[in-house]
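Enquirer: Here you go, sequence then predicted model.
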Amino acid sequence: MTSTEYAFLKGHGTENDFVLLPDLDGSIHGDLSADRVRALCDRRAGIGGDGVLRVLRHQGDDAEWFMDYRNSDGSIAEMCGNGVRVFARYLIDTGLAATPIRVATRAGVKTVTGTNDLTVDMGAPTVLAPTQISIAHHFWQATNIDMGNPHAVAFVDHLDEAGPLLEEPIYDRDTYPNGVNVEFVERRGERHVAMRVHERGSGETRSCGTGACAVMVASALDDGRGPGETYLVDLPGGRLTVEWTLDDRILMTGPAVLVAEGTTTL
């Protein structure tokens, strides 16, 4: 590689896609700029992705790795559920680590297990007071769930009710001063739901792992259930299985694949 070139990989979890930047000692990219993130994620002039995962070594918190996650608009995010599976897939496939893998994030340490489909312990959910959200003058009551990052979950009869989710939803700024991910949920059967999502900083995406976890919790509560339940969550990009354990942990299971690697000067 020349001095202006650096390595990248491309991967996805249920078609929530990411550009991975190996930067094991933190010396390659330094303070990753928003301009570089936007260039990498550009689907016409760049590699294309819903976000960037920078792979860093980490000391402390009993975790060897740190996932530096950025949204496609260059903003910093606390956590990405599909992203942490893709992050772990890179470590496994390159022989840098074997499961269980503890990954430090801005939302705490997440433990990844499994071999093919990967399971992430997403921690305990926090249920906040309900609010209202709106898109294009349509209003829905929302259940607010924090999974290390914020989510507002609204139930609809049909997912097309949400219309074009590329439009920024309107939400309660007092509850979420830093923005929120918005999920719309349609019931498919017992312990089986489908969803669409508008991700803060990325717009509508094919999948959102933390969003699926929030949807599972909101659906279980709406069903009069709680810990000890498992739901199937269908997304435009595939299916995730989400378990709410009796000890109040959320376990999310789904695929993670790497599809390309190379060098870039972006």
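Expert: Structure received. For clarity, every value in this text was computed on a predicted model and none was experimentally measured.

Enquirer: Low-confidence regions, the stretch 151-266 of the chain specifically.
Expert: 166 (pLDDT under 70).

Enquirer: all strands of it, in order?
Expert: With DSSP state E, counting those that start in this stretch, the ranges of strands along the stretch 151-266 of the chain come out as 181-189, 192-199, 203-205, 229-235, 238-244, 250-254, 257-264.

Enquirer: Sheet partners, orientation included, of the longest one?
Expert: Right, the one you point to is strand 181-189. Looking at strand 181-189 with DSSP bridges, its paired strands and their directions are strand 150-155 (parallel), strand 192-199 (antiparallel).

Enquirer: Find the one among the ones you listed with the highest mean neighbour count.
Expert: Using mean count of other C-beta atoms under 10 Å, the stretch among the strands paired with strand 181-189 with the greatest mean number of neighbours is strand 150-155 (a mean of 26). Placement of C-beta: from N, CA and C, glycine included.

Enquirer: Name the surrounding residues that touch that one.
Expert: With contact meaning C-beta atoms under 8 Å, 6 or more residues apart in numbering, strand 150-155 is reached by 131, 133, 140-145, 169, 171, 176, 178-187, 200, 210-211, 214-215, 218, 222.

Enquirer: Counting neighbours, what do you get for the residue nearest to V217 when sequence neighbours are not counted?
Expert: Closest residue to V217 apart from its sequence neighbours, by C-beta to C-beta, 6 or more residues apart in numbering: P125 at 4.6 Å. Other residues near P125 number 24, with proximity taken as other C-beta atoms under 10 Å.

Enquirer: can you check D35 too?
Expert: Per other C-beta under 10 Å, the neighbour tally for D35 reads 10.

Enquirer: Kindly report the same for R102.
Expert: Using other C-beta under 10 Å, R102 is surrounded by 18 other residues.

Enquirer: Please apply the same query to D31.
Expert: Neighbour count for D31, taken as other C-beta under 10 Å: 6.

Enquirer: mind checking the SS state of it?
Expert: coil (DSSP: H, G, I helix; E, B strand; the rest coil).
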